[in-house]
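Q: generate a structure from the sequence data that follows.
(chains A and B)
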Protein chains: 2
Amino acid sequence: MMSGGLSTGELKDVLAEARQIVRETRIVIFEALEKGFGHRLKPDRSFVTDVDFAVEERVRGILGARFPDHGIIGEELSRQDSTSDFSWVIDPIDGTRSFRHRVPLFGTLLALLHKEEPVLGLIDLPGLDKTYSAALTMGAFCNETRIHLDDLASDDAIENEIIAIGERQQFQNAGKTEVFDRLMDSHPSVRTYCDCFGHGLAIEGSTGAMVDFDLRIWDTIATKVLVEEAGGRYTCVGRRGERIAEARFDVILGKPRVVEWILNLVDATSG
Amino acid sequence: MMSGGLSTGELKDVLAEARQIVRETRIVIFEALEKGFGHRLKPDRSFVTDVDFAVEERVRGILGARFPDHGIIGEELSRQDSTSDFSWVIDPIDGTRSFRHRVPLFGTLLALLHKEEPVLGLIDLPGLDKTYSAALTMGAFCNETRIHLDDLASDDAIENEIIAIGERQQFQNAGKTEVFDRLMDSHPSVRTYCDCFGHGLAIEGSTGAMVDFDLRIWDTIATKVLVEEAGGRYTCVGRRGERIAEARFDVILGKPRVVEWILNLVDATSG
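A: Predicted coordinates:
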C-alpha cells in the first residue's frame, strides 16, 4: 500500500528515523540551557538564538546524509531545492521567545512533504518530555501512546473547553485583531498557549481547539497530519502568498465541533 | 533572630517540612492522572475534582497532627479557626481547569501566615517537576537552586519581555476588563499563563510580570513571600471584602520596572 509516494513499510521506517532526529536535537537544546546562549533580533523584529541555528544545522546534517535528493525548507537557513517530490520542513526552535526566557513550552518541528502535502509530522517538546508524531494512515502518537482525539459530545458545553490562541500580535500582523478580540469576548477560557505547545494540547484534546494566525509553513504543517491522524480537524482560513515557503497561513484545528463553533464566530466577524 | 514570630532555626525547619508536604501530594495527583478522576461544577460555576478534596485532606491531616494549634484556611474545606497567630493557607489544586483537561500547568500552593502576613510560601508544579519555596529573610528557591530575580536593566526594552496575565473572565468578575484589553493592546507579548504557572514564571524572571485579578487568598499569598524573597515586587491594586478568607485580590508582581510600567497603564485606564 502506498501513502504519499511511500509504501507503508518505508513510511514507518522514515517516521522512526524522524523521531530519532528530533530526540537527538534535545542534546543541543539542554546543553545550551545549561551553558547559556546568545540571541539577536532578526529584521522582522523577532528573536533568533544561536540554538535555532545549531539545531537546524544538526537536523540538516542528518537529513542531507540520509536523504540527499530531498529538498529542505527551514526557518533559519536558505532553502535547499531539489527535483524530488519530497521536501523536509524544519522549525528548529518554535517558540524562540519562550526559549529565550526559559519558559519550557518551546519545541522542535519536523515534517516531510510529498508534493506540498505532509506525509509525516513531529512536534518535540523537550521541556515537557513529549514527542508528538504521526504519519499518513498510521495514526498519531504522544511518546509511545496512540492519540484518539474524541470530538466533543453533543451535550458537552463548548464553554467548558479551553480554547488556545496565538498572541494578539499575530492577529494584528494578519490584519485580523477582531478575530482575537471577538474570541476573547465570546468564550470564558481563551488562553494564549502559543506555538507548538498549543498545537500539541489541541492534538491531545486537552484544549478544544487552537486558533493560530500568520504562521509560516514550518510553524504549522507538522500539525496538519498530526491532528488529522488523531481524528481531529485542521482548516486553513487564510493564506497570504503563493509560494509555500513564503506564504502566511491562518489555521484553526482541534475537535470538529469546537472548530465549527469558532469558524461560525470568525465568519460573523468578517461579515 | 526572629521573623514572623519564629526563630530562624524554627522557620528553616518548618519550611523543610512544608516542602516535604507538597512533594507528598504529588503521589495523590499522579495516581489520579493515571487512574482518572471525577469532577463537578461548584455553585460559583468553577470546576472542582475529587483530587482537589483528596489533596486538601492529605495536607490538613499532616498539618493537624504536626501543628494542632494552628488555624487552616483551604479552598475546598471549611475554615479551621484557632487562637494561635499562625494560620496555614492551602490551595490543593490551583488551576483545576487545567488539571481537569490534563494541561500540565496546575499546582499545589501552601503558605503559613503570622497575623495575616505570609512567613513562608510554596508553589509545587508536579507537571513540570518544580517546587518554588521561600521563607522570610531566607531567600527563594526553585527546587534546590536559589532564585535571584534581577530587575530589567534600564536599557532593556519592556516590549522584549513576556507579560503573563490571568483569564479575561477574571477581569470581568473584577469589573475591570479594560485593564485586560488595554494590556493586550499595549504590549506585543501578553500571554494568559494562568494560575500558579504564571506566578512561578514571574518569580523566576522568565516573564517580566504577572497580572492576576479576582484572586482568593489561597491563590496568591504564597506568591507574595516568594517574589519578595526573590528580589521582586508584589503589589495589591484592588481588594474587595474585609475578611481575609472571603476577600478578592487584584495583584501585579514581578520585576520592579515592569510592575511600575503596568501600574502606570492601569492608572491611565481607571483615570
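Q: can you classify residue A:154 as helix, strand or coil?
A: Three-state call for residue A:154 (DSSP: H, G, I helix; E, B strand; the rest coil): coil.
Q: again with residue A:119
A: Under three-state DSSP, residue A:119 falls in the strand class.
Q: what's the neighbour count on it?
A: Residue A:119 has 23 neighbours, counted by other Cβ atoms under 10 Å in any protein chain shown. Backbone N, C-alpha and C define where each C-beta goes, glycine included.
Q: what's the mean pLDDT across the helix or strand that residue A:197 is a member of?
A: Using DSSP states H and E, residue A:197 sits within helix A:195-204. Helix A:195-204 shows a mean pLDDT of 98 in the predicted model.
Q: quick check: residues of chain A near chain B?
A: By Cβ under 8 Å from any Cβ of the partner chain, the residues of chain A that approach chain B are A:47, A:97-98, A:101-104, A:127-128, A:160-162, A:167-169, A:181, A:184-185, A:188-194, A:201, A:204, A:206-207.
Q: among those, which are in helices?
A: Using DSSP state H, the members of the residues of chain A next to chain B that fall in helices are A:97-98, A:168-169, A:181, A:184-185, A:201, A:204.
Q: my guess is residue A:58 contacts residue A:24, does it?
A: Yes - if you go by Cβ atoms under 8 Å, residue A:58 and residue A:24 touch, sitting 7.0 Å apart.
Q: flag the shaky bits of the stretch 101-250 of chain A, pLDDT-wise.
A: For the stretch 101-250 of chain A, no stretch has pLDDT under 70.
Q: again, only using 90
A: Along the stretch 101-250 of chain A, the parts satisfying pLDDT under 90 run over A:153-156.
Q: ranges for the strands of it?
A: Using DSSP state E, counting those that start in this stretch, the strands of the stretch 101-250 of chain A run over residues A:107-114, A:117-125, A:130-135, A:139-142, A:145-147, A:163-165, A:190-191, A:209-215, A:233-240, A:248-254.
Q: returning to what we had before: just want the angle from the helix holding residue A:197 to strand A:233-240.
A: 150 degrees (axes from the mean of the first three to the mean of the last three Cα atoms, to 10 degrees).
Q: only alpha carbons, please: show helix A:195-204 as CSV.
A: Extracted as CSV, the C-alpha positions of helix A:195-204 are listed here (Å, rounded to 0.1, in the frame of the first residue of the first chain):
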residue,chain,number,x,y,z
ASP,A,195,3.3,27.9,19.4
CYS,A,196,3.7,24.2,19.3
PHE,A,197,2.7,23.8,22.9
GLY,A,198,-0.8,25.0,22.0
HIS,A,199,-0.8,22.8,18.9
GLY,A,200,0.1,19.7,21.0
LEU,A,201,-2.6,20.4,23.6
ALA,A,202,-5.2,20.6,20.7
ILE,A,203,-3.9,17.3,19.1
GLU,A,204,-4.3,15.6,22.5
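Q: gap between that helix and the chain center?
A: Computed by Cα atoms, centre = their mean, to the nearest Å, the chain-centroid distance of helix A:195-204 equals 8 Å.
Q: buried sites along it?
A: By neighbour count on 16 or more other Cβ atoms under 10 Å in any protein chain shown, the buried set for helix A:195-204 is A:195-204.
Q: okay but residue A:183 is in contact with residue A:263, surely?
A: No - between residue A:183 and residue A:263 there is no contact under Cβ under 8 Å: 11.6 Å.
Q: more crowded one of these two?
A: Set side by side, residue A:183 and residue A:263 show more neighbours around residue A:183, with 19 against 15, by other Cβ under 10 Å.
Q: from the ones in helices among the residues of chain A next to chain B, keep the buried residues only.
A: Using 16+ other Cβ under 10 Å, the buried ones in those are A:97-98, A:168-169, A:181, A:184, A:201, A:204.
Q: relative to strand A:107-114, how tilted is the longest helix anywhere in chain A?
A: The residue-count maximum for a helix in chain A (DSSP H) belongs to helix A:8-35. Using the same axes, to 10 degrees, one finds that helix A:8-35 and strand A:107-114 are set 150 degrees apart in direction.
Q: buried residues in helix A:8-35, which are they?
A: Going by 16+ other Cβ under 10 Å, helix A:8-35 has these buried residues: A:11, A:14-15, A:18-19, A:21-22, A:25-26, A:28-29, A:32.
Q: now swap in stretch A:76-94 and tell me
A: By neighbour count on 16+ other Cβ under 10 Å, the buried set for stretch A:76-94 is A:76-77, A:86-94.
Q: how close does the residue of chain A most remote from its centre sit to chain B?
A: Centroid-distance maximum for chain A: residue A:155 at 30.1 Å, with Cα atoms, centre = their mean. Distance of residue A:155 to chain B, computed by Cβ to the nearest Cβ, to the nearest Å: 14 Å.
Q: circling back: widest-spaced pair of the buried residues of stretch A:76-94?
A: Distances among these were taken as Cβ to Cβ; the most separated pair is A:86 and A:93, at 23.7 Å.
Q: okay, now residue A:221: neighbour count?
A: Residues near residue A:221, counting by other Cβ under 10 Å, number 27.
Q: that one reaches residue A:120, doesn't it?
A: No - using Cβ under 8 Å, residue A:221 is not in contact with residue A:120, being 10.4 Å away.
Q: what touches both of those two?
A: Taking Cβ atoms under 8 Å, 6 or more residues apart in numbering or on different chains as the contact rule, residue A:221 and residue A:120 both touch residue A:111.
Q: now do the longest helix of chain A against strand A:130-135: the angle between them, please.
A: If you take the same axes, to 10 degrees, helix A:8-35 sits at 160 degrees to strand A:130-135.
Q: how far off centre is whichever helix or strand comes after helix A:8-35?
A: The helix or strand immediately downstream of helix A:8-35 is strand A:39-41, counting by DSSP H and E. From the chain centre to the centre of strand A:39-41 is a distance of 22 Å (Cα atoms, centre = their mean).
Q: identify the residues contacting strand A:39-41?
A: Residues outside strand A:39-41 that contact it (Cβ under 8 Å, 6+ apart) are A:47-50, A:96, A:100.
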